[in-house]
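Visitor: quick check, what structure comes out for this input:
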Amino acid sequence: MVTCSSAPGIIGSGIGFGSTGTGAEGSFTAEGAARSGDSPAYITLADNSSGDDGTFIVNGGSAENAPGAAMTFFESTTAGNATITVNGGSGGGEGGTLFFNGQSHGGTASVALFGNGQLDIGRHGHRLLTVGSLEGEGLVFLGARALAVGSNNRSTAFSGIIQDGGISHGTGGSLSKIGTGTFVASSHISVASAAISARAASRIVSSFVVAGCVGCELDSPAGNTPVPFFAQSKCAMSLHALAGQH
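Guide: Presented below is the predicted three-dimensional model:
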């Protein structure tokens, strides 16, 4: 297990993976700052490195306005099959943040966001980023990018906020559900005209149901045809399942 702590000054301690390095099955933790003037720890992956089957914990700050730690995927990296937990701050601290930048890939990674912990894909180099699963109650910033969840086929629940904006200040983000698991999102979708769609997997239940919004219920048809619709601002959303066909 490797843990990096915050430090006084402008640069905190960090864990870096480069070239073709991987997280293997290791455990890595980046701590948020303990004071508002300190710098948090960080985890970075660059070149063609991979999270592999590693466990990564990104913690928030532990004092008023103390910055949270960050984990960033750059270039052609992949999260692999990693388990990534991003925790919120305590005592008024900022949450940790997970960034996907450049041409990075989410793979089949399990992403969990808690408190004011964040996932931000606004600076991703492609329109679409896919992750294995999303759970918890944190914050997701899409910018102008599309997020697809479900490539690891796990069933998860998310009760946080999914919205445009974030570090890129972009708008027009979208969310889609893939895979055979069930994604229940009792969250606030506050993206202006956020396109949401679901794909019905072969013989698997998978569709969107948006609760609390007039006319927002969507059933994905048989086969793998995505059905988009536009959610009203701050609709509570639940993703359930509808049997698909070959």
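
Visitor: where does this protein have low pLDDT?
Guide: Applying pLDDT under 70 to the chain flags residues 6-11, 185-246.

Visitor: let's go with 50 and repeat that
Guide: Residue ranges of the chain with pLDDT under 50: 191-195, 198-246.

Visitor: grab the most central residue of it for me.
Guide: Centroid check for the chain by CA atoms, centre = their mean gives Leu119 as the closest residue, at 4.3 Å.

Visitor: which ones are touching Ile57?
Guide: Residues near Ile57 by CB atoms under 8 Å, 6 or more residues apart in numbering: 27-30, 85, 87. The way it works is simple: take the backbone N, C-alpha and C, and place the C-beta from them, glycine included.

Visitor: helix, strand or coil for the residue nearest to the centre of the chain?
Guide: Of the three states, Leu119 takes strand according to DSSP: H, G, I helix; E, B strand; the rest coil.

Visitor: mind listing what it touches?
Guide: Leu119 neighbours (CB under 8 Å, 6+ apart): 86, 97-98, 100, 111, 113, 134, 138-141.

Visitor: circling back: can you redo the contacts of Ile57 as CSV with neighbour count?
Guide: Output for those, formatted as CSV (neighbours: other CB atoms under 10 Å):
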residue, neighbour count
Ser27, 13
Phe28, 21
Thr29, 20
Ala30, 28
Thr85, 20
Asn87, 23
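
Visitor: tell me the one of these nearest Gly21?
Guide: Proximity of the contacts of Ile57 to Gly21 (CB to CB) peaks at Phe28, which lies at 11.9 Å.

Visitor: and for the helix or strand hosting the closest one, what's in contact with it?
Guide: Secondary-structure assignment from DSSP states H and E places Phe28 in strand 27-30. Applying CB under 8 Å, 6+ apart, the external contacts of strand 27-30 come out as 1-4, 14-15, 40-43, 54-59, 69-71, 96.

Visitor: just checking, what packs against whichever helix or strand comes after it?
Guide: Using DSSP H and E, the helix or strand that follows strand 27-30 in sequence is strand 38-39. In terms of contacts (3 or more CB pairs under 8 Å, 6 or more residues apart in numbering; DSSP states H and E), strand 38-39 is packed against strand 7-8.

Visitor: the helix or strand just after the strand it packs on pairs with which strands?
Guide: Proceeding C-terminally, strand 7-8 gives way to strand 14-17 as the next helix or strand, assigned by DSSP H and E. With DSSP bridges as the test, strand 14-17 is paired with strand 42-45 (parallel).

Visitor: tell me who's in contact with Thr78.
Guide: Listed by CB under 8 Å, 6+ apart, the contact partners of Thr78 are 50-51, 104-107.

Visitor: partner residues bridging it?
Guide: Where Thr78 sits in a bridge, its partners, by DSSP bridges, are Ser50, His105.

Visitor: Asn153 reaches Thr180, doesn't it?
Guide: Yes: Asn153 is within contact range of Thr180, at 4.5 Å (criterion: CB atoms under 8 Å).

Visitor: can you tell me which residues contact Phe17?
Guide: Phe17 touches 23, 44-46, 49-50, 77, counting by CB under 8 Å, 6+ apart.

Visitor: hey, what's it bridged with?
Guide: Bridge pairing for Phe17 - DSSP bridges - gives Leu45.

Visitor: same question for Thr83.
Guide: Thr55, Ser110.

Visitor: what residues of stretch 167-182 count as buried?
Guide: Buried residues in stretch 167-182, counted by 16 or more other CB atoms under 10 Å: 168, 170-182.

Visitor: report the buried residues of stretch 155-167.
Guide: Quick answer for stretch 155-167 (16+ other CB under 10 Å): 156-158, 160-166.

Visitor: which one among those residues gets closest to His124?
Guide: Gly166 (10.8 Å).
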